[in-house]
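> Fold the following.
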Amino acid sequence: MTAQAEFAALDLCVLTVSDTRTAEDDTSGDYLALALGQAGHHLHDRMIVRDDRYRMRAIVSQWIADPAVHGILVTGGTGFTGRDSTPEALEPLLDKPMPGFGELFRALSFDEIGTSTLQSRAFAGLANETFVFCLPGSTSACRTAWEKIIVHQLDARTRPCNLAGLRSRLGER
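Numbering: from 1, shown residues only. Modelled structure (predicted):
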């Protein structure tokens, strides 16, 4: 019988991508910051940035270069409008994409929003040993992603396997 893993708090960043949201009305960023704290993790940094791929990329690049940051939660910019550019900005930074995240998120979202889920370009991956999760801008979508997927994968006690448990092996070459 294997020993039960212990919870290990991670340092996470939250980035809201929006041309209209401010600190006063960023409900998605508020939800993610609150939820990660309630789960026992630490909010390392939080920012709001306009939907500009170069500004977005600069912020996330700074965070993934910081060894104290274990994960990044990005909300917004994953849709199909002309301004939505989160995938184009951040996918090039990924060392390893995590296609299962987007697939699972859309499958779970189907129960909530039906075929509208096909418009979501939510994605995740690994960049410089840092987990990056990119979610739609709606608070409901952030709740679905956090409560049904991310919170469990960032908890080393989740069986049979989880992302948090891989942290010590991410740098293996």
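> May I have the beta-bridge partners of the residue nearest the centre of the chain?
By Cα atoms, centre = their mean, the mean C-alpha position of the chain lies nearest to residue 133, the distance being 2.3 Å. Beta-bridge partners of residue 133, counted by DSSP bridges, are residue 73, residue 124.
> residue contacts, it?
Counting by Cβ atoms under 8 Å, 6 or more residues apart in numbering, residue 133 touches 71, 72, 73, 74, 101, 124, 145, 150. For the C-beta atoms, the positions are set from N, CA and C on the backbone; glycine is no exception.
> between the residues you listed, which is nearest residue 50?
Of all the contacts of residue 133, the one with the least separation from residue 50 (Cβ to Cβ) is residue 74, at 13.5 Å.
> now the closest one: how far from residue 172?
26 Å (Cβ to Cβ, to the nearest Å).
> Neighbour count: those two, which is higher?
Per other Cβ atoms under 10 Å, whichever of residue 74 and residue 172 has more neighbours is residue 74, with 28 against 6.
> and that one, what does it touch?
Neighbour list for residue 74: 14, 15, 16, 17, 56, 60, 86, 90, 132, 133, 134, 135 [criterion: Cβ under 8 Å, 6+ apart].
> returning to that earlier point: kindly reformat the contacts of residue 133 as CSV containing distance to residue 159 and pLDDT.
What follows is these, written out as CSV (distance: Cβ to Cβ, whole Å; pLDDT from 0 to 100):
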residue, distance to residue 159, pLDDT
71, 20, 98
72, 25, 98
73, 23, 98
74, 28, 98
101, 19, 97
124, 20, 98
145, 21, 98
150, 16, 98
